[in-house]
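Engineer: Output the structure for:
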Amino acid sequence: MGSPDADRLEGQADGEFGDSAVPGFDGFGEPPGLAFEDPLEAGIDDILGPAAVGPAAGAPPEAEAGQEEAMRAPRAAPPRTAPSSAAPAAPRQASWNTPGPVVTPVPRPDPAGGDGTAQPQRQRIRDLSMDARMRIWRRRALITVIAGVVFSIVFTWRLGLTIAVIVAIADTIYRARTVASIPPGIKLSGAQRRTQRQLGRVERAGYRALHSRPIPNSEEFIDHLVIGPTGVYAIDSEDWDKRLPIRFWNGKQLFHGPQNKKDRVNHARWEAEQASELLSGTLGKEIVVRPAMAVYGPKIPWDIATIRDVDVFSGPRLRKYLRKRSRNQDLPRLSAEEVEKIQKAAAAVLPLAGSSAATTPVG
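Structural biologist: As a prediction, this is how the structure comes out:
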């Protein structure tokens, strides 16, 4: 027998659950009329439902076709949102057919100003090295240094410095009176420099010279265009091999060893003709230009030979050639004003290459 308290609790439990108890259910097993299925054993149809798997059994064919079309239809893309200004989007990878960035060329500044005036250009070291006057300056500096060092060693440094200054001044005065000034940018050959120095010594006699002037519409140059009291001359400076003899025959043939120099003679005459045409057209009257060839190197056994209307002589005899022409009374004379006028016209029609420089006085 149980205690009275236990019997009382059991009776209360029976009274509480007695009305709600399932008839025929004794508390063990499954109640009648209720079934519980294990979710793992349940089919996919029961879990997902008929809408997820397919149409329910017995549905009309129209409903099945509409459901299939709804399943095949592409899903709508999600709406795009504008990129935030705080975090810029990463750049897209360019494909092989994606056009690259457009490059707009920047025009170079016009060397001429807005009003058409040329802007000044800076002098470069390369331009200075091409200047024909650099050779004179180097020679002057070398002589000055040598004189100063020698007198400083033998005597005192004060005397050496004084002698160096005197030598530099004396060489400057000598060159100013005997050497023609050459515009910057003109590069002369050895033969041309020798002719240029001789022309500098006749400047006091009223001669003017333009050196290495290009002929328009051609690739040729006139070595020396000389204007003076005895006329206008186009002088071609030639440097030939001194080991070969030079001779001429019948006033039409000039030979240097086995070589016939007919082409050089004709070329000198052609240069003079071009200069004559340009000057005559500019001044409005005929200007006769005398062709000449100053040959350096081989010994020439004659004084002056005229071959195909070209005066051929030894280069060191250039001043003698001009003096002899001045003694010829049959030659027309040019006044100082005419020489100046022809010089300016020659500088205009035969400008320096890449420049519009005017005259080049000798001396």
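Engineer: Run through the strands of this structure in chain order.
Structural biologist: Taking DSSP state E as the test, the strands found in the chain are 208-214, 221-228, 231-239, 246-249, 253-256, 259-260, 289-296, 305-307, 310-314.
Engineer: so what secondary structure elements neighbour the fourth one?
Structural biologist: If I follow you right, that is strand 246-249. Counting contacts by 3 or more C-beta pairs under 8 Å, 6 or more residues apart in numbering; DSSP states H and E, strand 246-249 is packed against strand 253-256. Just so you know, the C-beta spots here come from the backbone N, C-alpha and C atoms, and that holds for glycine as well.
Engineer: partner strands of the strand it packs on, parallel or antiparallel?
Structural biologist: Here strand 253-256 is paired, per DSSP bridges, with strand 246-249 (antiparallel), strand 259-260 (antiparallel).
Engineer: Let me know which of those strands is tucked in deepest.
Structural biologist: Per residue and on average, the most neighbours among the strands paired with strand 253-256 fall to strand 246-249, with a mean of 16 (mean count of other C-beta atoms under 10 Å).
Engineer: what about Ile287, how many residues close to it?
Structural biologist: Burial of Ile287, expressed as a neighbour count using other C-beta atoms under 10 Å, amounts to 22.
Engineer: so it makes contact with Gln343?
Structural biologist: No - here Ile287 does not reach Gln343: they are 11.6 Å apart, not a contact under C-beta atoms under 8 Å.
Engineer: least reliable of the strands of the chain going by mean pLDDT?
Structural biologist: Note on those: strand 246-249 shows the lowest mean pLDDT, a mean of 87.
Engineer: So what touches that one?
Structural biologist: Applying C-beta atoms under 8 Å, 6 or more residues apart in numbering, the contact partners of strand 246-249 are 240, 254-257, 295, 298-302, 305, 307, 312.
Engineer: would JSON lines of those with distance to Leu142 and neighbour count be doable?
Structural biologist: As requested, these are arranged in JSON lines below (distance: C-beta to C-beta, whole Å; neighbours: other C-beta atoms under 10 Å):
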{"residue": "Trp240", "distance to Leu142": "29", "neighbour count": "18"}
{"residue": "Leu254", "distance to Leu142": "39", "neighbour count": "22"}
{"residue": "Phe255", "distance to Leu142": "40", "neighbour count": "15"}
{"residue": "His256", "distance to Leu142": "35", "neighbour count": "18"}
{"residue": "Gly257", "distance to Leu142": "37", "neighbour count": "14"}
{"residue": "Val295", "distance to Leu142": "30", "neighbour count": "24"}
{"residue": "Pro298", "distance to Leu142": "31", "neighbour count": "18"}
{"residue": "Lys299", "distance to Leu142": "31", "neighbour count": "9"}
{"residue": "Ile300", "distance to Leu142": "33", "neighbour count": "20"}
{"residue": "Pro301", "distance to Leu142": "37", "neighbour count": "11"}
{"residue": "Trp302", "distance to Leu142": "38", "neighbour count": "11"}
{"residue": "Ala305", "distance to Leu142": "39", "neighbour count": "17"}
{"residue": "Ile307", "distance to Leu142": "41", "neighbour count": "20"}
{"residue": "Val312", "distance to Leu142": "36", "neighbour count": "25"}
